[in-house]
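>>> Pasting a predicted model and its sequence here:
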Amino acid sequence: MRKKVTKNTILKMKRSGEKIAAITSYDFLSTKIIDQTGIDLILVGDSLGMVIMGYENTLPVTMEEIIHHLKAVSRARPSAIVVGDMPFMSYQASVEDAVRNAGRLVKEGGAESVKLEGGERYVPVIEAVVQASIPVVGHLGLTPQSLHQMGGYRIQGRDDESAGKMVREAKALEQAGCFAIVIEGVPYQLANTITESISIPTIGIGAGSHCDGQVLVLNDMLGIHEESLPRFVKVYDEIGDRIRDAVSMYVEEVKEGRFPSIEHSYSTPRKKSADRAGDNEESNDSGSGPESNK
């Protein structure tokens, strides 16, 4: 069994130069499968609002929804560190809200750390959560919870002023106690500058190859989607098409009466008179055993 990944493991990976592989997960079985791959970090992200709940964006996601999915992921007892996303308005209103809600993700959901979006103005929030003994991952660049303030999903840090500000914010988050920072939707040159400017790992999504690690949304990289994906997403399989093909075949067989066949059916146990007739083969097909409980 793989050794448990902790925040200290993630920090050591930065120092040793080992890349960090991170991915989102939202349920028990997916987490069990993912954790067998050597993944380092599993994020129960508020992206679940779009890929699981069908929301238009991440803003409607509630604490209860994040905790619900965190519980499922935590029950898989992954070796990877589990990070819970703090949903919109769970930490923006006050430091007290932030500490209380971060504590809920750990205590009720089983998170081993939390992630929150925002720069320097959230330094007091991060400091308070860290002082409550909860490890924090920061998030800079394209921050989806600021969708309306940004005027849409726009690449951030493309001019010198905003790029310089983001480098300062990354340093501020490190000073506040973050053990890693997600860098989303920025030019790769800026991500490289940030990565070289701080001693904690950067985990990129749409930020090029110079970050210390990468994170993708599981459904996106598996090809389970209906809408076009951002250019930074690499689709490793087309599971969506395979699900559609398999279910279409099932529907067709049901409609045509070809499913279930005799091999997927149980039979009534033979009476003793039939056994005496020497029909041993048929008598063994009694439908008993473990499958009879299904």
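All right, it came through fine. Numbering: from 1, shown residues only.
>>> Would you mind confirming that R2 makes contact with I39?
No: contact criterion Cβ atoms under 8 Å: R2 and I39 do not qualify, at 9.9 Å. Quick note: C-beta positions are derived from backbone N, CA and C, even for glycine.
>>> more crowded one of the two?
I39 (20 against 11; other Cβ atoms under 10 Å).
>>> which one is that one nearest to, not counting chain neighbours?
A80 (5.0 Å; Cβ to Cβ, 6 or more residues apart in numbering).
>>> Buried ones in stretch 200-211, by neighbour count?
200-208, 210-211 (16 or more other Cβ atoms under 10 Å).
>>> what's the answer for stretch 128-148, then?
128-130, 134-145, 147.
>>> Filter those residues down to just the ones in strands.
The members of those that map onto strands under DSSP state E are 136-141.
>>> any idea which of those residues is the one closest to R75?
Set against R75, the nearest of those by Cβ to Cβ is V137 (21.7 Å).
>>> Enumerate the beta-bridge partners assigned to that closest one.
Bridge pairing for V137 (DSSP bridges) gives the partners K115, A180.
>>> Which parts of this protein are strands?
Under DSSP E, the chain gives strands at 20-24, 41-44, 81-85, 113-115, 136-141, 180-184, 202-205, 213-216.
>>> Let's see the second one as PDB, backbone CA atoms only.
Looking back up the chat, that one is strand 41-44. Coordinates of each C-alpha in strand 41-44 appear next as PDB, following Å, rounded to 0.1, in the frame of the first residue of the first chain:
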ATOM      1  CA  LEU A  41      -3.700  15.100  -4.700                       C
ATOM      2  CA  ILE A  42      -7.500  14.600  -5.000                       C
ATOM      3  CA  LEU A  43      -9.500  17.800  -5.100                       C
ATOM      4  CA  VAL A  44     -13.200  17.700  -4.300                       C
END
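>>> coming back round to it: need the strands of the chain in TSV with mean pLDDT, can you?
Shown next, in TSV, are those (pLDDT from 0 to 100):
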stretch	mean pLDDT
strand 20-24	98
strand 41-44	98
strand 81-85	98
strand 113-115	98
strand 136-141	98
strand 180-184	98
strand 202-205	98
strand 213-216	98
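>>> what bits of the stretch 101-250 of the chain have low per-residue confidence?
In the predicted model, the stretch 101-250 of the chain carries no residue with pLDDT under 70.
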